[in-house]
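J.: Below are the sequence and a predicted model for it; my questions follow.
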Amino acid sequence: MRERYEIHFVTDDCKQAIIVERSGMSDLEAWKAALLHHGECAGTMFNIRRVSEAIERAGDRGIKKVRWNKASHTIAWSERAKLARSMVGLTIID
């Protein structure tokens, strides 16, 4: 089952957060997601197998303080749209 995860990181002294959908998350995957979000080529991610390697690569790009958590409080846009459609009430005005 796929879950949503929030990944928080600092780049150029600016806090950033992204939401990814995966079947599981780890520190290594969080660092890789931050790198990808910041413009790292996806093909280079296959060679990164340890967190220390990801941290070193992220340091070269100015990314630091990566953390992640399960994003249980977020819902998908499609789910939000369904809720919005069911909540819209119409009133007939004569």
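T.: Perfect, I can see it now.
J.: can we go C-alpha only for contacts and neighbour counts from here?
T.: Fine.
J.: For residue 55, give me its contacts.
T.: Contact analysis of residue 55 by CA atoms under 8 Å, 6 or more residues apart in numbering lists 31, 64.
J.: List the buried residues in the helix or strand where it lies.
T.: Secondary structure from DSSP states H and E places residue 55 in helix 51-60. Judged by neighbour count using 16 or more other CA atoms under 10 Å, the buried positions of helix 51-60 are 51, 54, 55, 57, 58.
J.: Out of those, which comes closest to residue 35?
T.: Ranked by distance to residue 35 (CA to CA), the buried residues of helix 51-60 are led by residue 58 at 6.3 Å.
J.: What's the separation between the closest one and residue 51?
T.: 10 Å (CA to CA, to the nearest Å).
J.: And the next helix or strand past the helix holding residue 55?
T.: Following helix 51-60 in sequence, per DSSP H and E, is strand 63-70.
J.: and residue 2, how many neighbours does it have?
T.: The number of residues packed near residue 2 is 9, by other CA atoms under 10 Å.
J.: what sits against the closest residue to residue 48 other than its chain neighbours?
T.: Leaving aside its sequence neighbours, residue 48 sits nearest to residue 54 (CA to CA, 6 or more residues apart in numbering; 6.3 Å). Residues counted as contacts of residue 54 (CA under 8 Å, 6+ apart) are 28, 31, 32, 48.
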